[in-house]
Structures are given as structure tokens and as C-alpha cells.
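Engineer: take this sequence and fold it.
(one chain, ligands or ions: 1)
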Amino acid sequence: MTTRLLMKLMEIPGTSGNEGDIRKAILREIRKHVKDVRVDNFGNIIAHRKGKGPKMLLTSHMDEIGLITKAVTEKGNIRCSSIGGIEPISLIGQRVHMKARRGMIHGIVTTPEISDDEEVEEIPKIKDLIVETGMSKKELTNRGVSVGAFLNLEQKSCMFGRKISGKALDDRVGCYILLELARKLRKSSADIYFVFTVQEEIGLYGSKTSLFNISPDLAIVVDVTNSDDAKEHPHEVSKQVGKGPTITIKDEEMMSDICLDKYLMKIAKGKKLPLQMDVSDEGTTDALSIAVSKGGIPTTVVGVPVRNMHTTMGIASLKDIGRAIIILEEFLRKPPRKCIP
Ligand SMILES: [Zn+2]
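Structural biologist: Model (predicted):
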């Protein structure tokens, strides 16, 4: 496992709707392993490893949560709107950057109270945050920063022990897993589409358009899920970082395909690898839009648990990522024909 690639993918900006940089980086990597690679009208990367047997679709989303400029105040502070689900409190003290004329502009997320060292009496909402850039409104305008400018979250990736931390683990972990699988299956005869989608965080949009020209027999979405191991009571804990990859059986809006889930469990058991079952009340993934496309596609979600998921300081286990790759590789080499209607 080349964790350097994962760390690099995490650091590249790619807020939903502004995925240009991360798309370029993934294109460079996937072209090393798959010949037939294209970008659809919406911005998704579609890489097809032509082969025999069932058409299998693997997806991960390349976009990440972030901020966008709503207004620039006279003092040159930026007021923002969020892109994707973010807890405003987790952004305070974090660095962001904007692409501007003559290079990058950096900013710090804070609130007027924190900036003036006053007591914070209420939990801030997104509208209460300000991004201090150290520049005047005039300077910002001259550099091309105005309403609509994207603010990318910024954080260096780091390793501690067998864990990795940083921003955008959601879902650069998935992108990394797909790239690893494409590399490992370079000589396989299986028919696999590796699709890297855009605009998942704001409405699962990329996966919808990506299916226009693909009719897969089955699909696996590779995306992270939140861990719950910070809870005190053991009965509240079902997904722990380091205790194995996850299969999402149910989320807020979707039921995954039982046949695919059972087959994945069988593979994990055969390889003596731990697997955790994910049943959650909140959130969903690209699997929702894929499962209900084209008359219905058997679909499930394989992922790894992440702590602090929608923040710039997520934590995941490299062991879980490695185990997910082993299970998915076996799945792709021996697809479950009985699960195809
Ligand atoms: Zn995700």
C-alpha cells in the first residue's frame, strides 16, 4: 500500500462543483492502469477495463465539503455558505485557501467574538463565521475574490501508528481504494468500470449522470462511514476505527442488496478478515442514486469507519483500508453471478 498517494489525494482541493484539481490528479493515476478513460459532460471520470463476465461498477466520489464566498465585508472579512454538511464549530481555527489572481490567498476561520478574545455564548452557525484574510476588500477585489469564490479547506495529512489523519478522507479513501484495485487488476479479464464521481456531497449528482452510458449488472460504492467509538456505552458502539471495513446495510435513505452483502461477508470470513455492519439513521451515499437507476441495479456500499468525518481532522485506520482492498479484489476476481437478476 502506497500511503503517500492517499496522503497526496487528501491534500488536493476538490470542493463539490470545483473538482478540477483533484480530477486532474486522479486522471493522471488511473491512466497508468486503465486505457479507456474519459470525463463525462458533468465532470465524472469513467474508466473502463473491458473484459468478460458481468459488468461491474465501482464508484467513489472525488468531491469534498468546503465553503463558498457569500459576501466580502468592508473590512475584507469573508462571510460564507457551506458546501455539504459541516458542523460550523469544527471549522473554527482552521485554515482555508482561495485560488486568486497572482497566487493563492489564505484565510483563517473564526468568529467576531473569538477574533476579539470575548466569551462565546452561543454555538456559532455558518452565518456567524468569518474568514479573516488579512487583506482589505479592495485588495481582495483586485485579486479576483468576490461572491462565489470557493474556499478550500486546508490541512496536511499525517500518520500516527497505523492511522491516518487529515481532511477529505471522505472520500479520497474510496478514490485511493479504486486506484489500488485498478492497479492490482490490470491483468484480470473482468469487466469493470471505475467511476470517480463529482458533486456527491451536495446531492449525489455525479453518480446520476455517470450512469447515462453505463448499464452495470451490479455496483459497489466505496465510501467512508462515521465511526461511533467515541461513545461511552458498549451497546452504542457498532463501528470502530481499526476493527475492519464496513458494509452499509441501511442508511437514512437506502437498503443495500442483501445478496451482495452476504457474498462480501462470505469473502471476509474465508479470508479471516473482520467486517463491520453499518446500520445508520443519518446520511446516504451515491449508492442511493445508482440502486434506483435503469430499472434497478443491485448495489451495496463498502467503506471504512472514520472519526471526525466531516471535519479537516478525520482519522481512519490503514489496516481497515488494506482489508477493504483485499475483500474487493476477491469480489471482482470472482463476481457473484447469483446476485445478478
Ligand atoms: Zn462520502
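Engineer: what is the neighbour count of the nearest residue to G166 once chain neighbours are set aside?
Structural biologist: Excluding the flanking residues, the one nearest G166 by CB to CB, 6 or more residues apart in numbering is S157, at 3.5 Å. All C-beta spots, glycine's among them, are computed from the backbone N, C-alpha and C. Residues within reach of S157, counting by other CB atoms under 10 Å, total 20.
Engineer: got it, and the one 3 residues further on?
Structural biologist: Counted with other CB under 10 Å, the burial measure for F160 works out to 8 neighbours.
Engineer: which strand residues bridge it?
Structural biologist: F160 forms beta bridges with K163, as assigned by DSSP bridges.
Engineer: up against the ion, what does this protein have?
Structural biologist: By CB under 5 Å from the ion, the part of the chain that sits against the ion consists of 170-171, 223.
Engineer: including neighbour count, could those residues go into CSV?
Structural biologist: Below are those laid out as CSV (neighbours: other CB atoms under 10 Å):
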residue, neighbour count
D170, 27
D171, 29
D223, 27
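Engineer: low-confidence ranges, the protein, go.
Structural biologist: In the predicted model of the chain, residues 1 satisfy pLDDT under 70.
Engineer: if we use 80, what do you get?
Structural biologist: Regions of the chain meeting the criterion pLDDT under 80 cover residues 1-2, 233-235.
Engineer: on that earlier part again, any idea how far the residue nearest to G166 is from G43?
Structural biologist: 24 Å (CB to CB, to the nearest Å).
Engineer: what does T312 give?
Structural biologist: 23 Å.
Engineer: ok, the two, which is more surrounded?
Structural biologist: Comparing T312 with G43 by other CB under 10 Å, the one with more neighbours is T312, at 25 against 21.
Engineer: quick one, strands of the stretch 1-150 of the chain?
Structural biologist: Counting by DSSP state E, counting those that start in this stretch, one finds strands in the stretch 1-150 of the chain at the ranges 36-39, 45-49, 52-61, 66-72, 78-83, 95-100, 103-110, 130-132, 150-154.
Engineer: could you check the angle strand 45-49 makes with the third one?
Structural biologist: If you take axes from the mean of the first three to the mean of the last three CA atoms, to 10 degrees, strand 52-61 sits at 160 degrees to strand 45-49.
Engineer: do the last one as well
Structural biologist: Using the same axes, to 10 degrees, the direction of strand 150-154 lies 60 degrees away from that of strand 45-49.
Engineer: show me what strand 150-154 is packed against.
Structural biologist: strand 66-72, strand 78-83, strand 95-100 (3 or more CB pairs under 8 Å, 6 or more residues apart in numbering; DSSP states H and E).
Engineer: spatially nearest residue to H48 (excluding sequence neighbours)?
Structural biologist: Of all residues not flanking H48 in the chain, D36 sits nearest, at 4.4 Å (CB to CB, 6+ apart).
Engineer: closest one to V304 among the helices and strands packed on strand 150-154?
Structural biologist: Nearest to V304 among the helices and strands packed on strand 150-154 is strand 66-72; the distance by CB to CB comes to 21.9 Å.
Engineer: reformat the strands of the stretch 1-150 of the chain as a markdown table; add distance to D191.
Structural biologist: Output for these, formatted as a markdown table (distance: least, CB to CB, whole Å):
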| stretch | distance to D191 |
| --- | --- |
| strand 36-39 | 11 |
| strand 45-49 | 7 |
| strand 52-61 | 5 |
| strand 66-72 | 35 |
| strand 78-83 | 35 |
| strand 95-100 | 39 |
| strand 103-110 | 42 |
| strand 130-132 | 47 |
| strand 150-154 | 36 |
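Engineer: now the ones you listed as a markdown table including mean neighbour count?
Structural biologist: Shown next, in a markdown table, are those (neighbours: other CB under 10 Å):
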| stretch | mean neighbour count |
| --- | --- |
| strand 36-39 | 12 |
| strand 45-49 | 22 |
| strand 52-61 | 22 |
| strand 66-72 | 20 |
| strand 78-83 | 22 |
| strand 95-100 | 19 |
| strand 103-110 | 18 |
| strand 130-132 | 20 |
| strand 150-154 | 21 |
